[in-house]
Structures are given as structure tokens and as C-alpha cells.
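**Student:** dropping the sequence and predicted coords here.
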Amino acid sequence: MPPRRRLTAFDAFTKTVEDARVRTTAGGVVTIVAVVIIILLIVSEWSDYRRIVNRPELIVDKTRGERLNINLNITFPTIPCEILTLDVMDVSGEQQTEVTHGIIKTRLNEDGSVISTEQLDLHSTGDKGLDPGYCGPCYGAVPVGEEGTRCCNTCEDVRRAYQEVGWAFGDGHGVEQCERENYPKRLQEMAHEGCNIAGTLSVNKVVGNFHFAPGKSYSSPNTHLHDLNIYETSAVRHTFTHHIHHLSFGPHHHTVSNPLDGTVKETDERNFNYMYFVKVVSTRFERIGTLPLDTNQYSVTSHERAIRGGRDEDHPNTMHARGGIPGVFFSYDISPMKVINREERSKSFGSFLIGVCAVAGGVLAVASVIDRGVWEADKALNRKKAV
Ligand SMILES: *[C@@H]1O[C@H](CO)[C@@H](O)[C@H](O)[C@H]1NC(C)=O
């Protein structure tokens, strides 16, 4: 046997002899239907290949030493900027009291219109026009070890000195430096104002809190106190009614919704305390064709209560209310789990091609079986008729 003959024995695709081929109408219909079905299936295969699926994944967050940006925009309509302070504290011991950088304070009129947005400086008159040798009294508020060397030339100096020794300062009535700077009068003029605080705080990514409270704050080794004097004695009733326009952690992403945005809380009481307990969950978004974005989502529970006012026996000068101080407190906790939202193509190009071959081959095979069946049935009918 010549070699070519030997190979023909393996031919799986036996060919029909041309003469024996017949075309039928039924065959044509089956072919057209088969082609339409193939096209439809390939289109669906293609859209399946183009489809992007989101694969969320939960992992333990192992990043260390990161910082967390807190973006906030909160309006307090019934408390002037001058007696509102923002303090940030965390468990690592880092404390930013009276935060000023990265945060804009906006003074608002009673109707909510903007008065000014610059950094407030009530004591701008400074020591202008003062005798160079002048050394103002600090009214006894001199830290141990600095007796006799300390001068308080401006109202702000006196206030600082009071703050350092932990005394309540009040509105500066009877303090020579403040009277000269007209401080009590200016404070009175501001009594009806509101305050908007907006900006970004950068904190360590550990458990911590930030709070808005009245009066200047000062910290002794194991306490954190606020000078509530002006807040509590002011003729105009100040409250911690607040509107949270925005609070978020980290950069903006369109799918992250912030549950506190748009929160409005109103109270008529001076001694009212709002607490927000926030759980921050790190979230990473990985999109096809863009850089990954690391941000955070959060959930929140809140609590509000009226507090009993009264003097603190241990600090008789500080008017530190028993059972907490009025204000708006945010405690944040960092979740140990991190969510990764990864976008992926649901199929590779290879499996798309495999799909196309399977569709074409499969449909044609089924069509030929049907065509064969129709042909055989037709023949059988014709034979019967002939008989
Ligand atoms: C804070 O929110 C208010 C109200 O949505 C808006 O008018 C204002 O521009 C915001 N401030 C900043 C600094 O984004």
C-alpha cells in the first residue's frame, strides 16, 4: 500500500461524493435558522466578555503608620466662632488642641450670611502704642517658677496665662488689657453670630476623637478641660444646634455615601451633649484602567443627652459641668478589616474564543442532525406514497 493510502484510513471527515449531494428547501431553512442562532449566541458571548464584575474582598488591614484625613463641614448657627473650639485627641497621645491649620472658620450672621472667612484674630490691636518698658500684670495667673518674670501685655496674654494655670477667664471684664482692646464689647457684638467650620484634619489612623466645645481648652496630665465661663454666663443663649453638611474620611469616591451628610440636630438647651460614634472601614477601589484609590467608609451611631450643669468641686474656677460638657463629640474607631472592591473582566479573551467555537460547532452539529432527520422522514413519506 502506498503511504498516502495508509493515511486515508485515519480520515475522520469522510467526504460525500459530489453527485450524492442534494439541496433541499428544508435544509435551507435549517441553515438560516442555525446561522441566526449562532450570531445571537456570539453577540451574547461578546457582551459577556465585555462585562465588568465587581469582586469585593475582605482582608485584614495590615498597613501601618498611616494617617487619616477627616473632611468636615459643620455649621453651628447659635454659637459664635470666638467661643467655639475644635480639639483633636487620639490614643497615641497626640493632641491637637484648638486646631487652626487646614480648617477655615467662617463667621455667620443670624440669617446665615457670611461675615468673614479669615482666621479670627480678636486681639489684633496687640501692644501697639504701649510703652516699650510696659509689663502688664497677669492677675496672679503665673505658673510656678515664672513668678516675677512674666508679663501679660495683651488680653490674649492674660487669657493664655489663665489657661496655663487652669483658671476660667470669662469675657475679660475688669482686666485692664482686655478693656483697652475693647474685648468684652466685641464679644458682646458677636453674641448673635453663628459659626461654620470646614476643612480637613490629618490624624493618626488610630482610635481617637475630635470635639467641638465652648471656650478655650486646656489639658492637665489626666484631664482635658474647657473654659465654659463665657458660654454659660452669656446673656444670649448659645446652643450646640448643628448642621453637618459633610463628614468623610479620606478622598472622595462616587460610590461611597457618608451617613452623616445632611444631619441637622436642634436644641434649645445650653447644656446639651451630642456624641457620634463612628466606625471607619478602610476601602480600596481598583478599577480597570485607573489607579487604585484608598479611602474609607464609615458607619455611625449617635447619642444625645441633656447634662446637669454645675461647678466641679475639684476645679472651682473652671465651671466644668458635671457629667460631661456641652458640645458635639465625634469618637472614631478604625476597623481592622479592609474592603477591596476590585473590578475585573468576567472572562478572558481566550475563553471568549473558546465560547465562539463551541457555539458555532455545537449549533452546526445539532442543525445537521435535524436536517438529516427531516430528510429521512421526507424520504420515508415519499416511499409510502409510491407504494
Ligand atoms: C460647607 O457646606 C456649605 C453648605 O453645603 C457650603 O455652602 C460651603 O461652601 C461648604 N464649605 C466648604 C469650605 O466647603
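**Tutor:** Sure, I can see it.

**Student:** heading C-terminal from the helix or strand hosting Ile74, find the next helix or strand.
**Tutor:** Taking DSSP states H and E as the definition, Ile74 sits inside strand 67-76. Going down the chain from strand 67-76, the next helix or strand is strand 84-90, by DSSP H and E.

**Student:** in its sheet, what does that next one sit against?
**Tutor:** Sheet pairing of strand 84-90 (DSSP bridges) gives strand 95-96 (antiparallel), strand 208-214 (antiparallel).

**Student:** closest one to Ile79 among these?
**Tutor:** For Ile79, the closest of the strands paired with strand 84-90 is strand 208-214, at 6.8 Å, according to Cβ to Cβ. Every C-beta, even on glycine, is put in place using the N, C-alpha and C of the backbone.

**Student:** helices or strands up against the strand holding Ile74?
**Tutor:** In this structure, strand 67-76 packs against strand 194-204, strand 208-214, strand 242-249, strand 327-345, with contacts taken as 3 or more Cβ pairs under 8 Å, 6 or more residues apart in numbering; DSSP states H and E.

**Student:** in TSV, list the ones you listed along with mean pLDDT and mean neighbour count.
**Tutor:** Below are these laid out as TSV (pLDDT from 0 to 100; neighbours: other Cβ atoms under 10 Å):
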stretch	mean pLDDT	mean neighbour count
strand 194-204	87	18
strand 208-214	87	22
strand 242-249	94	20
strand 327-345	91	17
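
**Student:** distance from the chain centre to the strand holding Ile74, please.
**Tutor:** How far strand 67-76 lies from its chain's middle: 9 Å, per Cα atoms, centre = their mean, to the nearest Å.

**Student:** output that strand as CSV - backbone C-alpha positions only.
**Tutor:** Extracted in CSV, the C-alpha atoms of strand 67-76 (Å, rounded to 0.1, in the frame of the first residue of the first chain):
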residue,chain,number,x,y,z
ARG,A,67,-2.6,59.0,58.5
LEU,A,68,-6.3,59.6,58.2
ASN,A,69,-7.8,62.7,56.6
ILE,A,70,-11.1,63.8,58.2
ASN,A,71,-13.0,66.2,55.9
LEU,A,72,-15.7,68.1,57.7
ASN,A,73,-18.1,71.0,57.1
ILE,A,74,-20.3,71.8,60.1
THR,A,75,-22.4,74.8,60.9
PHE,A,76,-23.3,75.9,64.4
